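Undergrad: structure for this input, please:
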Amino acid sequence: MLKITLTKGLVGKTKVQRRVVTALGLGKYGSSVVHHDSPTIRGMVNKISHLLTVEKADAKEAKKETKAKAKTKA
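TA: Now for the predicted structure:
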């Protein structure tokens, strides 16, 4: 599992970079998501690595992040 955090803003970035950020599920500066470590996710992270911070996450942290998102959406 990877915890991906957007650490730089999107002002002045290309359309492709903005679309990759959206595809990862990130919104605005400081937002975080947890994804499974797969070649697809790694490719997207490599494309915009200068905008992100990536950390390894365990399964417990991933469940906690998912529950927190569910509460904010409701």
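Undergrad: wait, is N46 part of a helix?
TA: Yes. Using DSSP: H, G, I helix; E, B strand; the rest coil, the assignment for N46 is a helix.
Undergrad: begin at 872 from now on, thanks
TA: All set: I'll call the first residue 872, so the last point we hit is now N917.
Undergrad: how far away is it from T885?
TA: 15 Å (Cβ to Cβ, to the nearest Å). The C-beta positions use only the backbone N, C-alpha and C, and glycine is treated the same way.
Undergrad: same check on S909?
TA: On the measure of Cβ to Cβ, S909 and T885 end up 24 Å apart.
Undergrad: cool, R913 as well?
TA: Taken as Cβ to Cβ, the span from R913 to T885 is 20 Å.
Undergrad: the two: who's more crowded?
TA: R913 (13 against 10; other Cβ atoms under 10 Å).
Undergrad: mind listing what's buried in the strand or helix carrying that one?
TA: Element membership for R913 (DSSP states H and E) is helix 910-918. Neighbour-count burial for helix 910-918, counted by 16 or more other Cβ atoms under 10 Å, picks out I912, M915, V916.
Undergrad: can I get those in JSON lines with distance to V891 and pLDDT?
TA: Listed next are those as JSON lines, based on distance: Cβ to Cβ, whole Å; pLDDT from 0 to 100:
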{"residue": "I912", "distance to V891": "11", "pLDDT": "96"}
{"residue": "M915", "distance to V891": "5", "pLDDT": "96"}
{"residue": "V916", "distance to V891": "9", "pLDDT": "96"}
